[in-house]
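K.L.:
Need the 3D shape of this:
(chains A, B, C and D)
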Number of protein chains: 2
Amino acid sequence: MLSKKTQYALKALGYLAGKFGEGPVLISEISKKKKIPIKFLETILLELKQGGILESKKGKGGGYYLLQSPKKITLAKAIRLVGGPIALIPCVSLNFYEKCKDCDEATCGLNKAMVQTRDATLKILEKKTLEELIDR
Amino acid sequence: MLSKKTQYALKALGYLAGKFGEGPVLISEISKKKKIPIKFLETILLELKQGGILESKKGKGGGYYLLQSPKKITLAKAIRLVGGPIALIPCVSLNFYEKCKDCDEATCGLNKAMVQTRDATLKILEKKTLEELIDR
DNA sequence: CAATAGTCTATAAAATAAGTAGACTTTTAT
DNA sequence: ATAAAAGTCTACTTATTTTATAGACTATTG
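P.N.:
The predicted structure is shown next:
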């Protein structure tokens, strides 16, 4: 399951995607519209900024905005930035790999099954973009 | 990510799958071979028994064993018994569904993307069985 | 220079996961 | 019968992660 934090991040990004090209959006506006606790949202947006997909502006007229077109940012990328692994077990994660202590990956049946699961998931999450998250 | 508990469960089930038809297997044996803390393993096996895929026998010569052929038990079933949802968000889970507070599922883009992800994952996890987890 | 709005540091509360201890029950073999 | 084996049950404890909050600080604008 995705953490609440990751879900908040995706909702916030969806909102920003809908406002792409319209200048900075207030944290407080996103918080209200998407019902995300504002302080928690602050840290999430900051993380996304440090991850390179958002930019911000301080002072009056400031806020957050997407750095690239929503079409250019995949869900896989967004999830990894705040939520970590997409794979179901560490020994099968591309971006957060950790070796299994007690099993040989070459012969481990669980490993094989999880690789396939990961690939199937990624095939979708790397095709879907933030554009798909815009409210209609 | 699957919890450690779920991973332990799958490893234990893989071990039992390899011994299918050979009578009860000691908890302590599984614990040693699969390096799973024995007390934790006890609770996991009990849960799997209550879930209907394992049976146990007490007393000398006792232990745990699979109730059906390893081929008959899918990974999806095993994961759900101990680990809960396979879907990435609750509003898209078949077995652990929870309604979203603030979004309409019919129009929510995230919902759509997650339904597809879930289906892709399930397609694999419902095909793979415990047989695949047997050490070679 | 005052108001606005994001940033940083620090912490706290809540939930979940992981693991342990020990008494209890059932079964088997002697 | 009875002792040993082996799973069961109840009740904790500890650790980790998640979620959330407070408040001071910094940058920008008019």
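
K.L.:
distance of residue A:61 from residue A:24?
P.N.:
Applying C-beta to C-beta, to the nearest Å, the value for residue A:61 to residue A:24 is 7 Å. Using the backbone N, CA and C atoms, a C-beta is placed for each residue, glycine as well.

K.L.:
List the residues that contact residue A:101.
P.N.:
By C-beta atoms under 8 Å, 6 or more residues apart in numbering or on different chains, the contact set of residue A:101 is residue B:35.

K.L.:
Against which helices or strands is the longest helix anywhere in chain A packed?
P.N.:
The helix spanning the most residues in chain A, taking DSSP state H as the definition, is helix A:109-125. Other helices and strands packing on helix A:109-125, by 3 or more C-beta pairs under 8 Å, 6 or more residues apart in numbering or on different chains; DSSP states H and E, are helix A:75-83, helix B:4-18, helix B:109-125.

K.L.:
Residue A:95 is nearest to which of those?
P.N.:
With C-beta to C-beta as the criterion, residue A:95 lies closest to helix A:75-83 of the helices and strands packed on helix A:109-125, at 5.6 Å.

K.L.:
chain center to that closest one, what's the gap?
P.N.:
3 Å (C-alpha atoms, centre = their mean, to the nearest Å).

K.L.:
For the residue with the largest distance to the centre of chain A, which non-adjacent residue is closest in space?
P.N.:
In terms of distance from the mean C-alpha position of chain A, residue A:107 ranks first, at 32.4 Å (C-alpha atoms, centre = their mean). Among residues not flanking residue A:107 along the chain, residue B:136 sits closest, at 5.5 Å (C-beta to C-beta, 6 or more residues apart in numbering or on different chains).

K.L.:
ok, which residues in chain A are in contact with DNA strand D?
P.N.:
A:3-6, A:8, A:37-40, A:42-43, A:57-62, A:84 (C-beta under 7 Å from any atom of the strand).

K.L.:
Tell me which residues touch residue A:35, please.
P.N.:
With contacts defined as C-beta under 8 Å, 6+ apart, the neighbours of residue A:35 are B:101, B:102.

K.L.:
if I look at residue A:126, how far off is DNA strand C?
P.N.:
According to C-beta to the nearest atom of the strand, to the nearest Å, residue A:126 stands 26 Å off from DNA strand C.

K.L.:
Ok, residue A:105 next?
P.N.:
20 Å.

K.L.:
Surely that residue is in a strand?
P.N.:
No: read with DSSP: H, G, I helix; E, B strand; the rest coil, residue A:105 is coil and lies in no strand.
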